[in-house]
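Engineer: structure here, sequence nowhere to be found:
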């Protein structure tokens, strides 16, 4: 699903999160800064926030639900940036969320769209 909009979420004049429209399993991801444990935006808290968003925009399919003759099972882990095995799941990662910063008032981040080449070609 292509991303349609990136919106900042405000409470009054204060930015409290990000809304990504057209992304993730349900097509809408709201990320509230308060959902991430911690008080200040240290490197570990930023890493948690980036992982939270990434986990919610990745598509995961349990390998056990795939037919044993599925190319994803027969060929093994594709090991691509956008398609790979993670434990017992197949992960489809069409975008990467990274470079999050938050100065207490405004957030910035990068969304990188991945080319889906290299598997089944």
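Structural biologist: Looks like it arrived, so ask away. Keep in mind it's a predicted model, so treat the numbers as computed, not measured.
Engineer: residues touching the residue lying closest to residue 7 once chain neighbours are set aside, list them.
Structural biologist: Leaving aside its sequence neighbours, residue 7 sits nearest to residue 19 (CB to CB, 6 or more residues apart in numbering; 4.3 Å). Any C-beta I mention is one placed from the backbone N, CA and C, and that applies to glycine too. Residues near residue 19 by CB atoms under 8 Å, 6 or more residues apart in numbering: 5, 6, 7, 8, 9, 28, 29, 30, 31.
Engineer: return the set of buried residues in the lowest-mean-pLDDT helix or strand in the chain.
Structural biologist: The helix or strand of the chain with the poorest confidence is helix 71-74; it has a mean of 86 (mean pLDDT, DSSP states H and E). Judged by neighbour count (16 or more other CB atoms under 10 Å), helix 71-74 contains these buried residues: residue 72.
Engineer: quick one: contacts of that helix?
Structural biologist: In contact with helix 71-74 (CB under 8 Å, 6+ apart) are residues 63, 66, 67, 68, 78, 90, 120.
Engineer: pull the longest helix from this protein.
Structural biologist: helix 43-57 (DSSP state H).
Engineer: continuing past that one, what's the next helix or strand?
Structural biologist: strand 59-62 (DSSP states H and E).
Engineer: quick revisit: between the contacts of helix 71-74, which is nearest residue 107?
Structural biologist: Of all the contacts of helix 71-74, residue 107 sits closest to residue 90, with 30.7 Å by CB to CB.
Engineer: what's the separation between the closest one and residue 81?
Structural biologist: Distance check for residue 90 against residue 81: by CB to CB, to the nearest Å, it reads 14 Å.
Engineer: if we can go back for a sec, the contacts of residue 19 into TSV, with extra columns for distance to residue 100 and secondary structure?
Structural biologist: Formatted as TSV, the contacts of residue 19 follow (distance: CB to CB, whole Å; DSSP: H, G, I helix; E, B strand; the rest coil):
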residue	distance to residue 100	secondary structure
5	18	strand
6	13	strand
7	16	strand
8	13	strand
9	15	strand
28	19	strand
29	14	strand
30	15	strand
31	10	strand
